[in-house]
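K.L.:
Let me see the structure of the following:
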Amino acid sequence: MRLLSLVSTLLLAACAPTTTVNDLKGPLVEGERWTITGADQNNDKMSGEVVVPAAPDYDRTDRRWAYEDANAYIRYTESNQHFEVWDTRDPKRLLVCIVRQPYSAGVREYVGVSVAGAMADLDAVFAKLSGTGTKLTGGDCTVKRGG
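P.N.:
A predicted model of the protein is given here:
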């Protein structure tokens, strides 16, 4: 009977995950400096900078990585390798560049669609996207890695 109990315990231990969600290493280079340039949805100039935060969180259900600290938020989606970069240093004018091309370690520059404003303004902009037949026109932005 003890042998059966020991075998059961060993089998359960072998099936247990060896890493937690916080122990995983994400696809982006932590500590790398990125710049955001371009114009927002109102054609106002945008110029921001983020440093990729360390220790990203991983959502296994959505297969998304979230890199976040007081100055930056970057969300990376595994399924399509798309990402969005938020410069959150100024809460009155958050800068967002949404990139819809795959991230690749060898690519240093990406183009995307940009929006900017306080969180309440951005919530209103994004709420338009949930409406049927509503089209959002954002600005144009560029994210440069290592810049």
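
K.L.:
for this protein, what spans make up the helices?
P.N.:
Counting by DSSP state H, one finds helices in the chain at the ranges 2-15, 119-129.

K.L.:
List the buried residues of the shortest one.
P.N.:
Residues of helix 119-129 classed as buried: Leu122, Val125 (neighbour count, 16 or more other Cβ atoms under 10 Å). Just so you know, the C-beta spots here come from the backbone N, C-alpha and C atoms, and that holds for glycine as well.

K.L.:
Could you export it as CSV, CA atoms only?
P.N.:
Below are the C-alpha coordinates for helix 119-129, written out as CSV (Å, rounded to 0.1, in the frame of the first residue of the first chain):
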residue,chain,number,x,y,z
MET,A,119,-7.7,57.7,-19.4
ALA,A,120,-11.3,59.1,-19.6
ASP,A,121,-10.6,60.4,-23.1
LEU,A,122,-9.1,57.1,-24.2
ASP,A,123,-12.0,55.1,-22.6
ALA,A,124,-14.4,57.2,-24.8
VAL,A,125,-12.3,56.6,-27.9
PHE,A,126,-12.1,52.9,-27.3
ALA,A,127,-15.9,52.7,-26.5
LYS,A,128,-16.6,53.8,-30.0
LEU,A,129,-14.9,50.7,-31.2
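
K.L.:
Can you give the distance of it from its chain's centre?
P.N.:
Offset of helix 119-129 from its chain centre (Cα atoms, centre = their mean, to the nearest Å): 18 Å.

K.L.:
residue nearest the centroid of this protein?
P.N.:
Arg75 (1.0 Å; Cα atoms, centre = their mean).

K.L.:
Bridged to it, which residues?
P.N.:
When bridges are assigned using DSSP bridges, the partners listed for Arg75 are Ala66, Glu84.

K.L.:
so who does it touch?
P.N.:
Taking Cβ atoms under 8 Å, 6 or more residues apart in numbering as the definition of contact, the neighbours of Arg75 are Arg64, Trp65, Ala66, Tyr67, Phe83, Glu84.

K.L.:
hmm, 7 Å instead?
P.N.:
For Arg75, the contacting residues are Arg64, Ala66, Phe83, Glu84, by Cβ atoms under 7 Å, 6 or more residues apart in numbering.
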